[in-house]
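Asker: the sequence and its predicted three-dimensional model are supplied below.
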Amino acid sequence: MKKTVAIAITIIFNIAIDQITKIIARLNLDPGKKIQIIGDYLVFIRVENRGAFLGILSDLPEVMRTIVLSILPTIAIIWFLVHIIRDEKMSRLMVIGVSFMLGGGIGNLYDRIVYGSVTDFLHIDLGFTQTGIFNVADMSIMAGGAMVLLEFFKNRKKNTTEEKEVDA
């Protein structure tokens, strides 16, 4: 029960922060207008993304876009949610990472269903590299993915060390 409550709080927190920032962006940023926050390094620029990451798949016919960007993600979200609640062996870091990813995924899915597009408004340009335009849900997904990868490599290293000890 405690684990389920922690998962719910983490997911709801990520959705709430995402949706609050998107509401602020929709109310205060005209589409396409740049607002420099830290020079060209951090810029607010609102775009409505009808596709996936960087607008990929935005040219798909409406029915296909709905299937690929709304129905399949909904199925994946439900599957992952059930999996992290039921899996008693999953590490705390893995549960938190997947919860962040679910919160971000739900935040973007909500936008697609309610608004027909995802509101993106952050852009970082470091000169030698830059991001696409993204939102807080995308940051949750990336942070969660980093946690999952960290746990994966941590376990891989642990398993390799244990195998060497058994062989010795």
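Answerer: Looks like it came in fine. Residues are numbered from 1 along each chain as shown.
Asker: mind showing which ranges of the protein have poor pLDDT?
Answerer: 159-168 (pLDDT under 70).
Asker: could you list every residue that touches the spatially most central residue of it?
Answerer: The residue lying closest to the centre of the chain (C-alpha atoms, centre = their mean) is Ile141, at 2.3 Å. By C-beta atoms under 8 Å, 6 or more residues apart in numbering, the contact set of Ile141 is Phe100, Met101, Gly104, Gly105, Asn108. Where C-beta positions appear, they are placed from N, C-alpha and C, glycine not excepted.
Asker: between those, which is closest to Ile77?
Answerer: Within the contacts of Ile141, the smallest distance to Ile77 is 5.5 Å, found for Gly105 (C-beta to C-beta).
Asker: put the alpha carbons of whatever helix or strand that closest one lives in into PDB.
Answerer: Here Gly105, judged by DSSP states H and E, is contained in helix 92-115. Provided in PDB are the C-alpha atoms of helix 92-115 (Å, rounded to 0.1, in the frame of the first residue of the first chain):
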ATOM      1  CA  ARG A  92      13.200   2.100  -5.400                       C
ATOM      2  CA  LEU A  93      15.200   4.000  -8.100                       C
ATOM      3  CA  MET A  94      13.500   1.900 -10.800                       C
ATOM      4  CA  VAL A  95      10.000   2.600  -9.400                       C
ATOM      5  CA  ILE A  96      10.700   6.300  -9.100                       C
ATOM      6  CA  GLY A  97      12.200   6.500 -12.600                       C
ATOM      7  CA  VAL A  98       9.200   4.700 -14.200                       C
ATOM      8  CA  SER A  99       6.800   6.800 -12.100                       C
ATOM      9  CA  PHE A 100       8.500  10.000 -13.500                       C
ATOM     10  CA  MET A 101       8.200   8.600 -17.000                       C
ATOM     11  CA  LEU A 102       4.500   7.700 -16.500                       C
ATOM     12  CA  GLY A 103       3.800  11.200 -15.100                       C
ATOM     13  CA  GLY A 104       5.400  12.900 -18.100                       C
ATOM     14  CA  GLY A 105       3.700  10.500 -20.500                       C
ATOM     15  CA  ILE A 106       0.300  11.100 -18.900                       C
ATOM     16  CA  GLY A 107       0.900  14.900 -19.000                       C
ATOM     17  CA  ASN A 108       1.600  14.900 -22.700                       C
ATOM     18  CA  LEU A 109      -1.200  12.300 -23.400                       C
ATOM     19  CA  TYR A 110      -3.600  14.600 -21.600                       C
ATOM     20  CA  ASP A 111      -2.600  17.500 -23.900                       C
ATOM     21  CA  ARG A 112      -3.100  15.400 -27.000                       C
ATOM     22  CA  ILE A 113      -6.600  14.200 -25.900                       C
ATOM     23  CA  VAL A 114      -7.800  17.600 -24.600                       C
ATOM     24  CA  TYR A 115      -6.100  20.000 -27.000                       C
END
